[in-house]
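Asker: Here is a sequence with its predicted model. Questions after.
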Amino acid sequence: MLDLRLPIGAYFVINSIILVVAGLINPGEIQVAEKNLNLNLVWGLVMGAFGIFMLVLWSTEKNKNSAKSKVQE
Amino acid sequence: MHVGFVDYLIIVVYFLFVLGIGFALKKQMLSSEDFFLSGRSIPSWITGIAFLSANLGAIEVMGMAGNGAKYGIMTAHFYWVGAIPAMLFLAVFMMPFYYCSKIRSVPEYLKLRFNEATRALNAISFAVMTVLMSGINMYAMALVFRLLLGWDMNASIWVSAAVVLAYTALGGLTSSIYNEVLQFFLIVLGFLPLTVIGLINLGGWQAMTAKLPAGFSNLWMHTASAAANPMGVDWMGIVAGLGFVLSFGYWCTDFLVIQRALAAEDLPAAQRTPLIAAFPKVLFPAITVLPGMMALVLFPQIGQGNDPNMRYDMAMPLLLGKYYPTGMLGIGLTAMLASFMSGMAGNITAFNTVWTYDIYRNYFAKDKTDHHYLVVGRLATAGGILISIFTAYFVMGSESIMDYMQAIFGFFNAPLFATFLLGMFWKRATPWAAFSGLVLGTLAAAVHFYMSSYPSEAPALHFSSPMAGNFWRAATAWAVCFVSTIIISFFTKAKPIEELQGLVWGTAPGISTANLAWYKNPIVLAILVALFALLCNLIFW
């Protein structure tokens, strides 16, 4: 069965790239506690980190499974 | 609200992923068991998140934020005294009966425990409810996107229906569950910055609540009398109506959520499903109720006057427009879109199962091949969505129809919980008592509803808020069903005990949890969640 962590990871990495690029091209800053914050850039990076975490989980699980099936062979 | 190219790009990427998951799962849908029950093979972290997410429809996200703006922190009662205890009860006491009896749907349990008539009553009312609910979700979505973005309502309805149809018909329950998990993360990551930025800008919790009306920042302190708090309910009404009847009725008997647990790989995983859902559920008021309260501070005119853009339910979209630049706005809008679609898809997958197993197979075509039922399931998905679209247009005709429908859904769940409670924990409850109790309880709710709505100037039963009326109606319907089922049981014939093996308390095989690691043990998890919820009640007392 499709490991759900792959599409979730990929989805958030792609969103992250879109947000980071958007944040770099057009900072569109918002005011947070009287300071300017590039929300797209910051939250894009947070989402990217989450996406990569999911992909890491997916690839460790995949390696474990392929090791297991090799042993069985 | 200015929506740019980036925002549309983000929405398109989301649609592509949702459809991609449906296509990727298509080749694994070989039997009807795969399609309707995910082959009982899904790990509990996935079913747990889907359990939570199936309920994260329009009503949850927009409605809870709207209630936050209307009633303040007391809205969190829906979580900390409502959902959580019910989810724990389901996990610890009821799940063993649901999972071990190998049922495919909740009505099927009623057939095994009671009789065909009880099952038919429940299956039909449930099937009608789900397609209506899905239509309401569709309509709510179209309404929001017209107000926010000026999208055409017809286009919103048909496009969203087509996407949901594509992924649920292709990948069945698995596809619905997988997408619900994706939607969950999107909703959390999409709305979390609102809470953080809002709290910082308003100077923290203390400074924010200082700007709110009195009674908006306490859960229990002002509930000694109904008049003293914004919700207009006293603590008895909250505990009995919401905490006990409404929440247990929904979380413990609604097939929409229970179907997610039935897809789990084994009994402990099925039991963990509501528990894994309960941890984030405790925290959810932070991204639903809290933004609503912020919206009241930032937009004091919310809920006043007739401007449709300033209704309480618009609290969440208003905040998105205020704080999110183009880019994050796309994420926020996609998260809202996702919540509507998961509400719709959850209802549709529950509908196609009940229709195929409980109605079609039972009354129209017994003993067909498995492939036949798989095809019927796919067709039922299309049929269910088509009916939902008609419902959406029907509701569009009059806003007040939507309110009535919401109230009517409560008619079925509250008495049903009394039937299940007696069915699972009292061997003497008889089939015909269960059936008549269910009918009488539903009738009692209808009479209560009529008496509190007509004549509209001075109804016979008066409540200080519609919410209070809902709580007491649920409590009444439950009590009527509970008492009448017990009384009638003494005058009717019970099922022989041999037919009740594994269906009633005391006949189930003992379940050993001793060999599980503590973090996999349902009892340990349940105690942790209970303490967590108790803590929240004390902090915001």
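Answerer: Noted; the coordinates are in hand.
Asker: Return the residues of chain B in contact with chain A.
Answerer: B:6, B:9-10, B:13-14, B:17, B:20-21, B:24-25, B:28, B:41, B:46, B:174, B:178, B:181-182, B:185, B:189, B:193, B:197, B:200-201, B:323-328, B:330-331 (Cβ under 8 Å from any Cβ of the partner chain). Where you see a C-beta, it was placed from the backbone N, CA and C, and this is true even at glycine.
Asker: remind me which residues of the stretch 51-200 of chain B are low pLDDT?
Answerer: B:58-59 (pLDDT under 70).
Asker: can you map out the helices along it?
Answerer: B:58, B:64-71, B:77, B:84-89, B:95-100, B:106-113, B:116-149, B:153-201 (DSSP state H, counting those that start in this stretch).
Asker: can you put these in CSV and add mean neighbour count?
Answerer: As requested, these are exported to CSV (neighbours: other Cβ atoms under 10 Å in any protein chain shown):
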stretch, mean neighbour count
helix B:58, 24
helix B:64-71, 26
helix B:77, 27
helix B:84-89, 23
helix B:95-100, 22
helix B:106-113, 24
helix B:116-149, 22
helix B:153-201, 22
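Asker: Which one, of those, ends up nearest to residue B:384?
Answerer: Residue B:384 lies closest to helix B:116-149 among the helices of the stretch 51-200 of chain B, at 5.3 Å (Cβ to Cβ).
Asker: From the chain's centroid, how far away is the closest one?
Answerer: Chain-centre distance of helix B:116-149: 11 Å, with Cα atoms, centre = their mean, to the nearest Å.
Asker: circling back to that earlier point, quick one: which of the helices of the stretch 51-200 of chain B is nearest residue B:459?
Answerer: Going by Cβ to Cβ, the one of the helices of the stretch 51-200 of chain B nearest residue B:459 is helix B:64-71, 21.1 Å.
Asker: and that closest one with helix B:153-201, angle?
Answerer: Between the axes of helix B:64-71 and helix B:153-201, defined by axes from the mean of the first three to the mean of the last three Cα atoms, to 10 degrees, the angle is 60 degrees.
Asker: what's the distance between the helix or strand that comes right after helix B:64-71 and the middle of its chain?
Answerer: As assigned by DSSP states H and E, the chain's next helix or strand after helix B:64-71 is helix B:77. Put simply, helix B:77 sits 15 Å off its chain's centre (Cα atoms, centre = their mean).
Asker: what sits up against helix B:77?
Answerer: Under the contact criterion Cβ atoms under 8 Å, 6 or more residues apart in numbering or on different chains, helix B:77 has outside partners B:219, B:238, B:242, B:243.
Asker: Could you measure from residue B:205 over to residue B:192?
Answerer: Distance, residue B:205 to residue B:192, by Cβ to Cβ, to the nearest Å: 16 Å.
Asker: circling back: which of the contacts of helix B:77 tops the neighbour count?
Answerer: Per-residue neighbour counts (other Cβ atoms under 10 Å in any protein chain shown) across those peak at residue B:238, which has 25 neighbours.
Asker: wait, it sits on residue B:223?
Answerer: Yes - the criterion here is Cβ atoms under 8 Å, and residue B:238 meets it with residue B:223 at 6.4 Å.
Asker: Poorly predicted segments of chain A, please.
Answerer: By pLDDT under 70, the weakly predicted segments of chain A are A:28, A:33, A:68-73.
Asker: Which parts of it are helices?
Answerer: Along chain A, counting by DSSP state H, helices occupy A:5-25, A:39-72.
Asker: Let's see which of the contacts of helix B:77 end up in helices.
Answerer: Short answer: the contacts of helix B:77 have none in helices (DSSP H).
Asker: Tell me the one of the residues you listed nearest residue B:351?
Answerer: The closest of these, once distances to residue B:351 are taken by Cβ to Cβ, is residue B:242, at 26.5 Å.
Asker: which ones are touching the closest one?
Answerer: B:77, B:78, B:81, B:82, B:233, B:471, B:474 are the contacts of residue B:242 under Cβ under 8 Å, 6+ apart.
Asker: Ok, residue B:459 next?
Answerer: B:451, B:452, B:453.
Asker: Any chance of JSON lines for those, columns secondary structure, pLDDT and distance to residue B:361?
Answerer: Shown next, in JSON lines, are the contacts of residue B:459 (DSSP: H, G, I helix; E, B strand; the rest coil; pLDDT from 0 to 100; distance: Cβ to Cβ, whole Å):
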{"residue": "B:451", "secondary structure": "helix", "pLDDT": "84", "distance to residue B:361": "40"}
{"residue": "B:452", "secondary structure": "helix", "pLDDT": "79", "distance to residue B:361": "40"}
{"residue": "B:453", "secondary structure": "helix", "pLDDT": "75", "distance to residue B:361": "39"}
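Asker: neighbour-wise, which of the residues you listed leads?
Answerer: residue B:452 (19 neighbours).
Asker: May I ask you to confirm that it is in contact with residue B:468?
Answerer: No - here residue B:452 does not reach residue B:468: they are 9.7 Å apart, not a contact under Cβ under 8 Å.
Asker: got a list of what residue B:326 touches?
Answerer: A:22, A:26, A:28, B:2, B:3, B:4, B:6, B:7.
Asker: helix, strand or coil for the residue of the stretch 301-450 of chain B found nearest chain A?
Answerer: The nearest approach of the stretch 301-450 of chain B to chain A comes at residue B:325, 3.5 Å away (Cβ to the nearest Cβ). Here residue B:325 is coil, with the state taken from DSSP: H, G, I helix; E, B strand; the rest coil.
Asker: Excluding sequence neighbours, find me the nearest residue to the spatially most central residue of chain A.
Answerer: The residue lying closest to the centre of chain A (Cα atoms, centre = their mean) is residue A:51, at 2.0 Å. Excluding its sequence neighbours, the residue lying closest to residue A:51 (Cβ to Cβ, 6 or more residues apart in numbering or on different chains) is residue A:12, at 3.2 Å.
Asker: Any idea how many residues pack against the one you found?
Answerer: 25.
Asker: which stretches of the stretch 251-400 of chain B form helices?
Answerer: B:255-262, B:267-283, B:289-298, B:315-323, B:328-353, B:370-396, B:399-425.
Asker: Can you lay out these as TSV showing distance to residue A:55 and mean pLDDT?
Answerer: TSV is the format used below for the helices of the stretch 251-400 of chain B (distance: least, Cβ to Cβ, whole Å; pLDDT from 0 to 100):
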stretch	distance to residue A:55	mean pLDDT
helix B:255-262	25	85
helix B:267-283	22	88
helix B:289-298	30	88
helix B:315-323	28	85
helix B:328-353	19	87
helix B:370-396	31	87
helix B:399-425	40	78
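Asker: tell me the contacts of residue A:46?
Answerer: With the criterion set at Cβ under 8 Å, 6+ apart, residue A:46 makes contact with residue B:189.
Asker: again, only using 10 Å
Answerer: By Cβ atoms under 10 Å, 6 or more residues apart in numbering or on different chains, the contact list for residue A:46 reads A:12, A:16, A:19, B:189, B:192, B:193.
Asker: Output these as JSON lines; include the columns distance to residue A:37.
Answerer: Putting those into JSON lines (distance: Cβ to Cβ, whole Å) gives the following:
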{"residue": "A:12", "distance to residue A:37": "21"}
{"residue": "A:16", "distance to residue A:37": "17"}
{"residue": "A:19", "distance to residue A:37": "13"}
{"residue": "B:189", "distance to residue A:37": "17"}
{"residue": "B:192", "distance to residue A:37": "15"}
{"residue": "B:193", "distance to residue A:37": "10"}
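Asker: Check these against residue B:414 and report the nearest one.
Answerer: residue B:192 (33.7 Å).
Asker: The closest one contacts residue A:43, doesn't it?
Answerer: Yes - here residue B:192 reaches residue A:43: they are 8.7 Å apart, a contact under Cβ atoms under 10 Å.
Asker: For the contacts of residue B:326, give me TSV that also has distance to residue A:36 and neighbour count.
Answerer: Shown next, in TSV, are the contacts of residue B:326 (distance: Cβ to Cβ, whole Å; neighbours: other Cβ atoms under 10 Å in any protein chain shown):
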residue	distance to residue A:36	neighbour count
A:22	16	26
A:26	13	15
A:28	10	19
B:2	19	9
B:3	22	17
B:4	19	15
B:6	19	24
B:7	21	25
